[in-house]
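**Student:** kindly generate the corresponding structure for this input.
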Amino acid sequence: MNNDIKVYVLESLQQGDKLTGTNLYNDLISYKLPFDSKLYDRIVDKGDWYKTIEDIRSNVKYGDVVFIHIEIHGNEGGTGVVLKNGETIAFEKICEDFRNINIKIGCNLYITLAVCHGLYMIMGLVPLKEMPFCGLIGSQEEIKESDLEIRYYEFYNSYLEYNDIESAMEQLKKANPDIPNSYRYIRSDEIFINSWKKYINDSSNKNWQKENLNKVSEENNFNRKQRRKFDRVFKKDKIKCAKSIYKEKTDLFFMLKDYPDNKNRFCIPKSNEIIR
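**Tutor:** Below is the predicted model of the structure:
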């Protein structure tokens, strides 16, 4: 057992719901869940959510491998989760909360989602900031209580035994053969690369260029002269501009200044492999 593995189960379900997060935690703690793990089953509103996030952040340290498992309903629009009192927390805000934890532990945070439409959380990941987690496991579809209970128990049972996410995912996929599997494991570097491919494709669109000019000007408080210069330089050689931005944002997203080993841990293509 790796004593630095910590699993935190966050549960905020509605009246009458089966307490699937509590059940998962109790099953694992009685078997092999690490001592420092914890069940947060009294999350009713946003205040409780933020206290929970701060408690986790204060109890983890550099080098810990941390899993946060979320047992909360996803909203129908796939933009966030709905707490017990009906409040919604957007995925973008959740990613911001996770980012502070991931930075502290040195990029070792993984998220598992017992959330309908949970994988839409990737839409809340901003690739121009530090990564909020290393990997995300969940489904873009609606998921059944009976299915997620079986699959996530097998996932954690396997991971805690062998310390291998890919193998644990195989156990999750095979765990309930009577129900089609819709779960995926998405790495943050995959999300980052795909976002840059989309950026390069979109940058040829004039409407996108106009929106980008407005956004960059606002973020940097450009005056009229600076705005015109940026627009002129970008249109003249957007590939060169993109490569410059790519290097800057790659260093930031993967936190290469603070954690240089991340260069080998993650798949980070060179700029000429992405930008052509």
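**Student:** just checking, what packs against the lengthiest helix in the chain?
**Tutor:** Ordering each helix of the chain by length in residues (DSSP state H) puts helix 145-162 first. The contact analysis (3 or more Cβ pairs under 8 Å, 6 or more residues apart in numbering; DSSP states H and E) places helix 145-162 against helix 20-29, strand 65-74, helix 165-174. In short, each C-beta sits where N, CA and C put it, glycine included.
**Student:** closest one to Arg42 among those?
**Tutor:** Taking Cβ to Cβ, helix 20-29 is the member of these nearest to Arg42, at 10.8 Å.
**Student:** helices of the stretch 151-276 of the chain, residue ranges please.
**Tutor:** 165-174, 188-202, 206-220, 224-236, 238-253, 262-265, 271-274 (DSSP state H, counting those that start in this stretch).
**Student:** buried sites along the second one?
**Tutor:** Meaning helix 188-202. 188-189, 191-193, 195-196, 199 (16 or more other Cβ atoms under 10 Å).
**Student:** repeat for the last one
**Tutor:** By neighbour count on 16+ other Cβ under 10 Å, the buried set for helix 271-274 is 271, 274.
**Student:** now that helix: how far from the chain's centre is it?
**Tutor:** 24 Å (Cα atoms, centre = their mean, to the nearest Å).
**Student:** renumber starting at 860 from here on
**Tutor:** Got it, first residue is 860 now, which makes that one helix 1130-1133.
**Student:** avg pLDDT for that helix?
**Tutor:** For helix 1130-1133, mean pLDDT rounds to 82.
**Student:** can I assume Pro1128 is in contact with Asn1053?
**Tutor:** No - using Cβ atoms under 8 Å, Pro1128 makes no contact with Asn1053, being 11.4 Å away.
**Student:** relative to Lys1084, how far out is Asn967?
**Tutor:** Noted for Asn967: a distance of 45 Å to Lys1084, by Cβ to Cβ, to the nearest Å.
**Student:** what about those two, which has more around it?
**Tutor:** Ranked by neighbour count (other Cβ atoms under 10 Å), Asn967 and Lys1084 place Asn967 first, with 22 against 8.
**Student:** what's the nearest residue to the more buried one if we skip its chain neighbours?
**Tutor:** Take Asn967 and drop its neighbours on the chain: the residue closest to it by Cβ to Cβ, 6 or more residues apart in numbering is Val924, 4.7 Å away.
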